[in-house]
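Engineer: Generate coordinates for the sequence data below:
(2 chains)
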Amino acid sequence: MVKNAFAILSMLTLTCGVAWGQGAAPATKPILSGPLAKLDIKDAQTSASRGTPKGTLNIGLHFGIDPGWFDPLGYYGAAHQFYYLVHDALIKPMPQGEFTYSLAERAELSADFRRAAFRLRPGLKFQDGHPLTTADVKWTYENYRGLNFKQLQDKLENIEIVDDRTIVFHFKAPFVDFLDLYNGYGSGIGWIVPRHYHERVGKDGFKARPMGAGPFKFVSQEAGVQVSFEAWDQYWRRAPGVKTINVKAIRDLAARMAGLETGELDVAYGMTGKLLQRVMSDPKLRWNPNFTAPWHLVFPGYNESSSPFHDQRVRQAVSLAINRAFLVKQETQGIGKPWGNWISHETRDALRGDGTDLPVPAYDPAKAKQLLAEAGYPNGFDFDWYVPFAPYYDMAERVLNDLRAVGLRSKLQMLDAPAYMAQTSKGRKGFPGNRTIVQRIDPRPGGAKELIRLYAVCGGQASYTCEPRIESLWTRHEASTDVAERDRLSKEIQRVIIDGYYLVPLYLQPFVHAVTQKVLPEGEAVHRYWDTQNAPFPWPWEVWEVKG
Amino acid sequence: MATIPIGAEGRIAAVRAARRGYRVLRELPMVPLVILTVLAAVAVLAPVLAPHGKLDPVKPTREQCVAKFGAGDCPYVDNAPPFWSAGGRLDTPLGTDFLGRDVLSRLMYGARISLIVALTGTLFAGAIGTVLGVLAGYMGRWWDQIIMRITDAWLTLPSLAFAILLSSVRGPGLWNVVLILALVFWSRYSRAVRGEVLALRERDFVKLAEINGIGKLTIIRRHLIPNVMNTVMVLFSLQVGVAVIIEASLSFLGVGVPPPEPSWGLLMAQERESLLEGRWWLEVFPGICITMLVLSANMLGDWLRVHLDPQLRNR
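Structural biologist: Just a heads-up that it's a prediction; the model follows:
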């Protein structure tokens, strides 16, 4: 597996050093004039021989499917697993690297971060045979309304179409993070939507029957329950290995397990929890720990004085009350890791939460009770809701049990994934009142700063914290074009967040996936499917193969 | 001529009373009554009867921790089997769940929630449905038209699907489930009561009351509602069983009573995976409780239906 800490270092680095036309893109002539920022974008792996797709891959997803996830223009939540099937991006995270060329064969960023340019591969087409040109790229950018859209639109001055394959983005001010946001997994804006088709069928029509330039064509869907895709053998990179992919929403862990055992499913996600031991001991199954990101707790509205979580001692008590070591043992058979940061270990610039950079949070219920008493809650208090991510309700109840032991009592609000993701993507605004704890996880690429921007600063689209100290550091971060300084500031903000208990990390989540013997290659080589960094799901899908 | 010895009248009266009492008792549906009484008593006395708390894990012994985790201390021992199985203990007679909580105690407290939700939900539904049914049947004309068309439309809605829809709008919560049950089931009462009132309003005592200038509200209150109570009671007892099932289904689907409160449906939902692992006791005991309650309510309803209907009673 490439997924390890060392690989993080090989990801894109926007160095402060300036080089003249030093892109790592294929040797083609430069697009932009003047000095360029040095980029580390990996080449796409293409297959010279086009094989024939064969077999069916049945995937058991652990939550319901929102048809809105098929339209990149309105991106939120867990949509990328479907983008990697139906759509394609100019650059996107792939096993080769966090930044890998896809529809684009060359990308450039001016040294002053005010211009970005892309050159598309020749002969690109959408699945209906319509040519994919820079007009589609421009239209997608201009019509994107999903996560981070405000920042992407506000910074844009204009988009210049040089020709059908070449496009230049001009920004009003230095836009250092442009490629992080434009990279496929950073938002939905990098996934190119066919303008001709979207305008013809409309927004709802597109959600009902999406079409793009990705390796799989959409075939049919039962809204929320199942979606079927078929290989598009004209995909530019290679013909997909599998002919048909069915994604089935099966929230029930036991049903997914039964699906694997009966052969109805070939892959199942989210096998952590009560049946993990059974997965691990089944000789007919193979499993990948698939470490994604740390679970963490947030306190929407904590900075309102009427919130009990306003007092840092209460938030610290929450952290001290949780027996992470036992939680990890019970929930993950010990393969999870208690963690001291809320940002994934695979994320660029993230402080490690295993004691290297940040300490592993302590378990001390006596001190938690003492802190609560000092904060004016000697008998604890009831709070409105504890909101977990579907379907990790057992884990949530374990956490709630620990909190109850120190006097913090509540009940679970059980939301299905689309509702949970829609609410959490609004940040504090998604949760009325200020007596709620939300359990979150986000394995987002683009560096730690992208998570800070989204969740931890006042203007963040899904912000849960708003603190003057963080704001001041963030303002300096945003004003700086010195990547080293930005990196330092990003790390300082992470420390402030952890020291102030604004977000309370739990443990590094192994989002265990299990596959049956039908999936090729046989043996341990199957782990190659989980090589993409920061990817909760095993994309790209075109490389998957199954027996006949 | 037979004579009765002095002082024997009292004994004879006592014997007669005992015989009468026995006859009444013999006619009562003893099995459902006993079950319902026991369940009601358990629900009311749960805090006294339950060996452990409903939410807190049972503190394990050192030996249990060593056997399970290889350490002398642990927060709880999960999934302990019932006392008659190997590894079971008498202080957790029906075993423990995934959080080391006593299954028997949670079942006892669960009876409270299931009964509260089913009884109050059905009661509210009965109240709404009875009032609307009486109004439609007695007032007639546009009252009848509007109420009955809404009732007919309501009756076409599949109850569980409708309950899930309402639940997703209202959100999970004990009193929300009560409200949902009331909103789902009122139409069954209004349809039945309206039919009854149509016949009652033509009866002499109602006509005489009208001739004497008694107000409509008084007639409804004094003459109609008391006369439809038999029907309402039968429906009520039958609907309680259905309400238990709906509550259990909503909780099973995650839109009913929110965890960690122990509703029977929720207890089953939370341990779906356990059957695969052979931990049958976590699923079977709540299932038995639901079955017993529903079956008893239905048997009682059936008995009431027969005994409150003169035609069926005299057959």
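Engineer: burial count for residue 149?
Structural biologist: By default, I'm working from chain A. Neighbour count of residue A:149, defined by other CB atoms under 10 Å in any protein chain shown: 20. C-betas here are computed from N, CA, C, even on glycine.
Engineer: actually it's chain B I care about, not the one you picked
Structural biologist: For residue B:149, the count of nearby residues is 11 (other CB under 10 Å).
Engineer: try residue A:158
Structural biologist: Counted with other CB under 10 Å, residues neighbouring residue A:158 total 10.
Engineer: Isn't it up against residue A:170?
Structural biologist: Yes - using CB atoms under 8 Å, residue A:158 makes contact with residue A:170 at a distance of 5.2 Å.
Engineer: My guess is residue A:219 contacts residue A:232. True?
Structural biologist: No - using CB under 8 Å, residue A:219 makes no contact with residue A:232, being 10.9 Å away.
Engineer: quick one: low-confidence ranges for the stretch 1-150 of chain B?
Structural biologist: Low-confidence segments of the stretch 1-150 of chain B, defined by pLDDT under 70: B:1-4.
Engineer: So which residues on it come close to chain A?
Structural biologist: For the stretch 1-150 of chain B, the residues in contact with chain A (CB under 8 Å from any CB of the partner chain) are B:55, B:56, B:57, B:69, B:74, B:75, B:78, B:98, B:99.
Engineer: just to revisit the earlier point, out of residue A:219 and residue A:232, name the residue with the larger neighbour count.
Structural biologist: residue A:232 (22 against 13).
Engineer: Might you report the residue contacts of that one?
Structural biologist: Residues counted as contacts of residue A:232 (CB atoms under 8 Å, 6 or more residues apart in numbering or on different chains) are A:127, A:214, A:215, A:216, A:217, A:240.
Engineer: again, but for residue B:129
Structural biologist: By CB under 8 Å, 6+ apart, residue B:129 lies in contact with B:185, B:186, B:187, B:188, B:189, B:190, B:191, B:193.
Engineer: Pick out whichever of those sits closest to chain A.
Structural biologist: residue B:185 (24.0 Å; CB to the nearest CB).
Engineer: On the three-state scheme, that closest one is what?
Structural biologist: Three-state assignment for residue B:185 (DSSP: H, G, I helix; E, B strand; the rest coil): helix.
Engineer: ok now do it, which residues does it touch?
Structural biologist: Counted by CB under 8 Å, 6+ apart, residue B:185 has contacts B:121, B:122, B:125, B:129, B:159, B:239, B:242, B:243.
Engineer: got those residues as a markdown table, with secondary structure and distance to residue B:293 columns?
Structural biologist: Output for the contacts of residue B:185, formatted as a markdown table (DSSP: H, G, I helix; E, B strand; the rest coil; distance: CB to CB, whole Å):
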| residue | secondary structure | distance to residue B:293 |
| --- | --- | --- |
| B:121 | helix | 14 |
| B:122 | helix | 13 |
| B:125 | helix | 18 |
| B:129 | helix | 22 |
| B:159 | helix | 18 |
| B:239 | helix | 13 |
| B:242 | helix | 11 |
| B:243 | helix | 10 |
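Engineer: closest to chain B among the contacts of residue A:232?
Structural biologist: Taking CB to the nearest CB as the measure, chain B sits nearest to residue A:216 out of these, at 31.2 Å.
Engineer: Can you pull the phi/psi pair for the closest one?
Structural biologist: As for residue A:216, its main-chain torsions (degrees, to the nearest 10) stand at phi -130, psi 140.
Engineer: same check, this time on residue A:295
Structural biologist: With angles defined as degrees, to the nearest 10, residue A:295 sits at phi -70, psi 140.
Engineer: what does the model give it for pLDDT?
Structural biologist: What the model reports as pLDDT for residue A:295 is 96.
Engineer: How many residues are close by it?
Structural biologist: Neighbourhood size, residue A:295 [other CB under 10 Å]: 26.
Engineer: For it, give me its contacts.
Structural biologist: Residue A:295 neighbours (CB under 8 Å, 6+ apart): A:395, A:439, A:440, A:441, A:505, A:506, A:507, A:509.
Engineer: Now, these that are in strands?
Structural biologist: A:439, A:440, A:505, A:506, A:507, A:509 (DSSP state E).
Engineer: ok, those residues vs residue B:209, which is closest?
Structural biologist: residue A:439 (63.3 Å; CB to CB).
Engineer: and the gap between the closest one and chain B?
Structural biologist: Distance, residue A:439 to chain B, by CB to the nearest CB, to the nearest Å: 13 Å.
Engineer: tell me the contacts of that residue?
Structural biologist: Residue A:439 makes contacts with A:295, A:296, A:297, A:386, A:387, A:388, A:389, A:392, A:396, A:399, A:506, as judged by CB under 8 Å, 6+ apart.
Engineer: Equivalent analysis for residue A:456, please.
Structural biologist: By CB under 8 Å, 6+ apart, the contact list for residue A:456 reads A:463, A:464, A:465, A:470, A:493, A:497, A:502, A:503.
Engineer: Filter those residues down to the ones in strands?
Structural biologist: Counting by DSSP E, these contribute residue A:503 to strands.
Engineer: farthest-separated two in the contacts of residue A:456?
Structural biologist: Counting by CB to CB, the most remote pair of the contacts of residue A:456 is A:464 and A:493, 13.8 Å apart.
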